[in-house]
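Enquirer: With the sequence up front, the predicted model follows.
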Amino acid sequence: MIVKKIAIILVIIGALNWGGIGVFGVDLLGNIFGGTYEVFSRMIYFAVGIAGVYLSLTFGQLMDNNS
């Protein structure tokens, strides 16, 4: 359960970051953590990507638990 909550939070962070890039042209995560290609920024991007993969693979279970 805690893994799903963390994954959801990471996906929300990623979605807000992409929204910021689309609307304002600003990569907020990259700016906060020293640049898009800095190690810590890339680790966060990787975690967001893994969270997205995890949630896409468990989407059916997630929907069944909420109904």
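Expert: Ah, there it is.
Enquirer: What segments of the protein are helices?
Expert: In the chain, the helices defined using DSSP state H lie at 2-24, 28-32, 39-57, 59-66.
Enquirer: Check which residues of the longest one are buried.
Expert: Looking back up the chat, that one is helix 2-24. Within helix 2-24, the residues that qualify as buried are 7, 10-11, 13-14, 17, counting by 16 or more other CB atoms under 10 Å. Any C-beta I mention is one placed from the backbone N, CA and C, and that applies to glycine too.
Enquirer: Could you export the helices of the chain as TSV, including mean pLDDT?
Expert: Conversion of the helices of the chain to TSV gives the following (pLDDT from 0 to 100):
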stretch	mean pLDDT
helix 2-24	96
helix 28-32	92
helix 39-57	95
helix 59-66	75
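Enquirer: which two in the buried residues of helix 2-24 are spaced the farthest apart?
Expert: Farthest apart among those by CB to CB are Ala7 and Asn17. That separation is 15.5 Å.
Enquirer: rewinding a little: name the nearest of the buried residues of helix 2-24 relative to Gly60.
Expert: Relative to Gly60, the closest of the buried residues of helix 2-24 is Ala7; by CB to CB it sits at 14.8 Å.
Enquirer: ok now do the closest one, which residues does it touch?
Expert: Counting by CB atoms under 8 Å, 6 or more residues apart in numbering, Ala7 touches 51-52, 54-55.
Enquirer: Who wins on neighbours among these?
Expert: Among the contacts of Ala7, Ala51 has the most neighbours (other CB atoms under 10 Å), with 21 neighbours.
Enquirer: Tell me which residues touch that one, please.
Expert: Contacts of Ala51 by CB under 8 Å, 6+ apart are 6-8, 10-11, 14.
Enquirer: Cool, thanks, signing off.
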